[in-house]
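Participant: Dropping the sequence and predicted coords here.
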Amino acid sequence: MMLINCPHCGPRDEVEFHYGGQAHVAYPEDPHALNDREWAEYLFYRDNPKGRFEERWQHSIGCRKWFNAVRDTHTYEFLATYGANDTAPAPAPATVEGRM
Amino acid sequence: MANHLPEHPDFLWRNPDPKSSYDVVIVGGGGHGLATAYYLAKHHGITNVAVLERGWLAGGNMARNTTIIRSNYLWDESAAIYEKSLKLWEGLPEELEYDFLFSQRGVMNLAHTLQDVREAQRRVNANRLNGVDAEFLDPQQVKEVCPIINITDNIRYPVMGATYQPRAGIAKHDHVAWALARKADEMGVDLIQNCEVTGFYKDGDRVIGVETTRGRINAGKVGLAAAGHSSVLAELAGFRLPIQSHPLQALVSELFEPVHPTVVMSNHVHVYVSQAHKGELVMGAGIDSYNGYGQRGSFHVIEEQMAAAVELFPIFARAHLLRTWGGIVDTTLDASPIISNTPIDDLYVNCGWGTGGFKGTPASGFTFAHTIATGEAHPLNAPFSLDRFETGHLIDEHGAAAVAH
């Protein structure tokens, strides 16, 4: 069971949250310029790292706001949570991500 | 029942050290990797093959699944490949000379809402058009197939009917792996355990070998069959896959007398149950929503699954949980697998089976072996290529996949 620190409400149980996948995937600046390959990348291809991952969550049965998180997908440790429009905090030097 | 389990011999395969070079290297010694090696040897005469397994043979998802086998998928492409798989299952115990307890006890997929009923009837009709055995059962018929099920209408999601595939069933997963491993080994395939792939050697855009924890191994061709870790391997090889890895957990009860004669699945209240030959109730539910490689699942998923199970099967209320386990499944956006060439020449990938790879084991190996041997897709796996995400020819099986991706 994960304890997730909503930036607006504080720590809450994971059952209060909805997962939104990879964060910071921007809508194409010029959609008409994209070829099929680039559309496929935008629609279907997401990073899937074993380790540090920047992702979106929604506190769906709390404040209902979307926010971003940095989480380790192997240890499930939340390294940070931050606002939906903020940039991710830089990774701490020499983390132990993905080593188990 | 326990004394019906077949004896297994002391030694089923050799345990060779890796050679410096093979015609084909398969990465991943689970069901799909073993089946691929088996069909490479049997159908294509390619026996200079190594199957590299990071841990122990078939110790990943092959050892962690609910063993359900069925082919009642909606779309033509899926019906074709899963029905091919079921037909292969029906012949495999004899072909592999190994009784792995393939039991065609039928599968029911329950409907709990009017929309469920309509979807179920549509799928039954689609199955029949594709030559897949299927019936729609009303609640009384559901009860006749599985007497312990609760069909009263005073529960939150009463049983309003079910699809039924009589030829579907279960098999003893470990024995399936051992049977495939033994035959592949007999034909000359090297099964190499404790051998993790840590990198790829390339000549321009062509793969020429793999770097492993047991040294460099050259390869004419490389096939990836690593399930949940396919993305990690693809990144090492220098390309991306449109898959996301999630934990999926299952659990078993203590042993009971035979009470559950078939397999029951429910998308809507989300539980699936069968009874293993030894007597455990084997149950699963959906994946955890977040990406993860932790090989464990969330407790609230078990809570919801148990609530659904006890409402459907009141007799389970006093059963004790024996153990739970989690595996990492690789899901795609359309809930269909990828069996394909890749942007790297001579490197092929078989992944994205999500929550339902066990049933696909024979057809997965059969088609992947064809793709590796010939460099071309077999008609059965041509629709499951990587480029469907560019052409838009997606095969949306979220309904028939039966487990929420």
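Facilitator: Yes, it's here.

Participant: number of nearby residues for residue B:263?
Facilitator: Look at residue B:263: counted by other C-beta atoms under 10 Å in any protein chain shown, it has 26 neighbours. The C-beta positions use only the backbone N, C-alpha and C, and glycine is treated the same way.

Participant: Next, the residue positioned nearest the centre of chain A: phi, psi?
Facilitator: Relative to the mean C-alpha position of chain A, the nearest C-alpha, by C-alpha atoms, centre = their mean, is the one of residue A:55, at 0.6 Å. When quoted as degrees, to the nearest 10, the phi and psi of residue A:55 stand at phi -140, psi 170.

Participant: Tell me what it is bridged to.
Facilitator: Listed by DSSP bridges, the beta-bridge partners for residue A:55 are residue A:22, residue A:69.

Participant: Was I right to think it contacts residue B:290?
Facilitator: Yes - taking contact to mean C-beta atoms under 8 Å, the distance of 7.4 Å between residue A:55 and residue B:290 places them in contact.

Participant: What residues does chain A have near chain B?
Facilitator: Residues of chain A found near chain B, taking C-beta under 8 Å from any C-beta of the partner chain as the criterion, are A:1-2, A:14-15, A:18-19, A:21, A:36-37, A:39-41, A:43-46, A:48-50, A:53, A:55, A:71, A:73-76.

Participant: anything in contact with each of residue A:55 and residue B:290?
Facilitator: Shared between the contact lists of residue A:55 and residue B:290 (criterion: C-beta atoms under 8 Å, 6 or more residues apart in numbering or on different chains) are residues A:19, A:71.

Participant: Show me what from chain B comes close to chain A.
Facilitator: For chain B, the contact set with chain A under C-beta under 8 Å from any C-beta comprises B:229, B:231-232, B:235, B:240-245, B:289-294, B:298-300, B:333, B:389-391.

Participant: Would you write a ChimeraX line that selects the buried entries of those?
Facilitator: Selecting just the buried residues from these in ChimeraX takes one command, with 16 or more other C-beta atoms under 10 Å in any protein chain shown as the test:
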select /B:229,231,232,240,241,242,243,244,245,289,290,291,292,293,294,298,333,389,390
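
Participant: In strands only, show me the residues of chain B next to chain A.
Facilitator: With strands identified by DSSP state E, the entries of those that belong to them are B:243, B:244, B:245.

Participant: For ChimeraX, what selects the buried ones among the residues of chain A next to chain B?
Facilitator: In ChimeraX syntax, the buried subset of the residues of chain A next to chain B is picked out as below (16+ other C-beta under 10 Å):
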select /A:2,14,15,19,21,40,41,44,45,46,48,49,50,53,55,71,73,74,75,76
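
Participant: So which residues of chain A form strands?
Facilitator: When secondary structure is read from DSSP E, chain A shows strands at A:3-6, A:10-13, A:18-22, A:52-58, A:66-72, A:78-83.

Participant: quick revisit: and the ones in strands among the residues of chain B next to chain A as TSV, adding pLDDT?
Facilitator: Conversion of these to TSV gives the following (pLDDT from 0 to 100):
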residue	pLDDT
B:243	97
B:244	97
B:245	97
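
Participant: which regions of the chain sit below the pLDDT cut-off?
Facilitator: No chain in the question, so chain A it is. Applying pLDDT under 70 to the predicted model, the residue ranges of chain A that meet it are A:93-100.

Participant: that answer is for a different chain, and I need it for chain B
Facilitator: For chain B, the stretches with pLDDT under 70 are B:1-3, B:7-10, B:402-405.

Participant: Sweet, I'm off.
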